[in-house]
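**Q** Predicted structure and sequence below. I'll ask about it afterward.
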Amino acid sequence: MKKITLFLFMFSLLAFSGLEAQITTFPYTEDFESGDGGWVADNTGNGTWALGTPAGTIINSAASGDNSWVTNLTGTYNVNEDSWVTSPIFDFSSLSAPSIELSIWYDAEFSYDGAVLQSSIDGGVTWVNVGANGDSNNWFNDGTINGDPGDQQEGWSGTGTAGTNAWVTARHTLTDLAGETSVIFRIAFGSDGSVVDDGFGFDDINIFEVTCSEPNTLTASNVNSSGAELSWTESGSSSDWNIEVVTSGTPPTGTPSESNVSNPYTASGLSAVTSYDFYVQSNCGGESSSWVGPYTFTTTCDVYTPDYLEQFDTIIPDCWDEADSGDATTGPG
């Protein structure tokens, strides 16, 4: 009887210890070069998660070093996959404005398969999405993923131009988790019953305290052929910002197009019928926030002055409209 009692006591002690926070020092960084760092895969739902050197057709390298977490290091994920990788436990009691940054690469059938980052403060009984579809900084791009990653439909999804085609940095605030003593994360992947691709990879986790709050809710209005009014919502106390405007598809340099601008900001001197991305950074008296963006907008058509030539090599050409009930190859109906 004494042996049984001692065993139960030791088991309870181990179980209780397992619930205590493991990570209390920030910033926290993990590049998985020395092992899993306490991140654990659950592949019981037909899963394919593995830690190692990616060598797939699309996802073919780590974001840094040799190791990354990927759904199948050398091939495709499975149909009807319902799997995830869970983090160690974090104690955010010392943080008032935590944020997370990670490298991601996704190549998954758009709106059918995809991944999501979720958090839990009750030991994994319930999970809540970190952020929402459409948030800035390479965050979720789809809200209708049929594969239900993490038992819901928001997350990262897409292949080809709808995927990332490379490692990109995704970042999001964790304001709702400030002060929580027992936080765990999971990156969940879900797929439907047909069509498989390389899937999802993540690497280089960074969790840190934000000391200069970044802006959010970027938007563009009053767009014309040569400019637009760009605006955002300040989440801290900054009263001036840095801005960078680049042609869509061009990586930002991190060097402002203009510094110490006001909100809203009028961009001018742009080309007609051209897509642009803009990024914003808050200034906090000698310190700057992380860059936020991109927000994409497209300038409108210009007024053409003769001589003017249109050979209709592209149907429908920019600044031309097709008649109602018409067909692009045969004309109006």
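**A** Perfect, thanks for sending it.
**Q** Nearest residue to the middle of this protein?
**A** Central residue of the chain (CA atoms, centre = their mean): residue 139, 2.4 Å from the mean position.
**Q** Which neighbouring elements make contact with the helix or strand where residue 29 lies?
**A** Per DSSP states H and E, residue 29 falls inside strand 28-30. Applying 3 or more CB pairs under 8 Å, 6 or more residues apart in numbering; DSSP states H and E, one finds that strand 28-30 makes contact with strand 199-209. Where you see a C-beta, it was placed from the backbone N, CA and C, and this is true even at glycine.
**Q** I'd like the next helix or strand past the strand it packs on.
**A** strand 216-221.
**Q** Check which strands are paired with that following strand and give the direction for each one.
**A** Using DSSP bridges, strand 216-221 pairs in its sheet with strand 228-233 (antiparallel).
**Q** domains in the protein, as residue ranges please.
**A** According to automatic domain parsing, the chain comprises the domains 20-209, 216-298.
**Q** rank the ones you listed by pLDDT, which is bottom?
**A** Among the domains of the chain, domain 216-298 has the lowest mean pLDDT, at a mean of 91.
**Q** and the end-to-end length of it?
**A** The separation between the terminal residues of domain 216-298, taken as CA to CA, to the nearest Å, is 20 Å.
**Q** how far does that domain sit from the chain's center?
**A** From the chain centre to the centre of domain 216-298 is a distance of 19 Å (CA atoms, centre = their mean, to the nearest Å).
**Q** Going forward, the N-terminal residue is numbered 72.
**A** Right, with 72 as the first residue, what we last looked at is domain 287-369.
**Q** follow-up on the earlier one: toward the C-terminus, what is the element adjacent to the strand holding residue 100?
**A** The C-terminal neighbour of strand 99-101 among helices and strands, as given by DSSP H and E, is strand 111-113.
**Q** where's that following strand relative to the chain centroid, distance-wise?
**A** Worked out by CA atoms, centre = their mean, strand 111-113 lies 21 Å from the chain centre.
**Q** before we move on, what about stretch 174-188?
**A** For stretch 174-188, the distance to the chain centre is 10 Å (CA atoms, centre = their mean).
**Q** Give me the buried stretch members for it, please.
**A** Under the neighbour-count criterion of 16 or more other CB atoms under 10 Å, stretch 174-188 has 174-188 buried.
**Q** just stretch 285-299 next, same as before
**A** Buried, per 16+ other CB under 10 Å, within stretch 285-299: 285, 286, 289, 291, 294, 298, 299.
**Q** do stretch 358-365 as well
**A** Neighbour counts over stretch 358-365 (16+ other CB under 10 Å) mark 359, 360, 361, 362, 363, 364, 365 as buried.
**Q** and which of the residues you listed is nearest to residue 169?
**A** The closest of these to residue 169 turns out to be residue 361 (CB to CB; 13.1 Å).
**Q** That closest one is in contact with residue 285, isn't it?
**A** Yes. With contacts counted by CB atoms under 8 Å, residue 361 reaches residue 285, the gap being 5.1 Å.
**Q** shared neighbours of those two, which are they?
**A** By CB atoms under 8 Å, 6 or more residues apart in numbering, residue 361 and residue 285 have these common neighbours: residue 352.
**Q** what about residue 170, neighbour count?
**A** Burial measure for residue 170: 21 neighbouring residues, criterion other CB atoms under 10 Å.
**Q** surely it meets residue 244?
**A** Yes. If you go by CB under 8 Å, residue 170 and residue 244 touch, sitting 5.0 Å apart.
**Q** what sits in contact with each of the two?
**A** residue 281.
**Q** so what's residue 207 up against?
**A** 287, 289, 363, 364, 365, 366.
**Q** is it possible to export the buried residues of stretch 358-365 to JSON lines including distance to residue 235 and secondary structure?
**A** JSON lines is the format used below for the buried residues of stretch 358-365 (distance: CB to CB, whole Å; DSSP: H, G, I helix; E, B strand; the rest coil):
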{"residue": "359", "distance to residue 235": "26", "secondary structure": "strand"}
{"residue": "360", "distance to residue 235": "24", "secondary structure": "coil"}
{"residue": "361", "distance to residue 235": "19", "secondary structure": "coil"}
{"residue": "362", "distance to residue 235": "18", "secondary structure": "coil"}
{"residue": "363", "distance to residue 235": "18", "secondary structure": "strand"}
{"residue": "364", "distance to residue 235": "16", "secondary structure": "strand"}
{"residue": "365", "distance to residue 235": "13", "secondary structure": "strand"}
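**Q** Which member of those residues is positioned nearest residue 93?
**A** residue 361 (26.0 Å).
**Q** which residues touch that closest one?
**A** 170, 172, 208, 242, 281, 285, 352.
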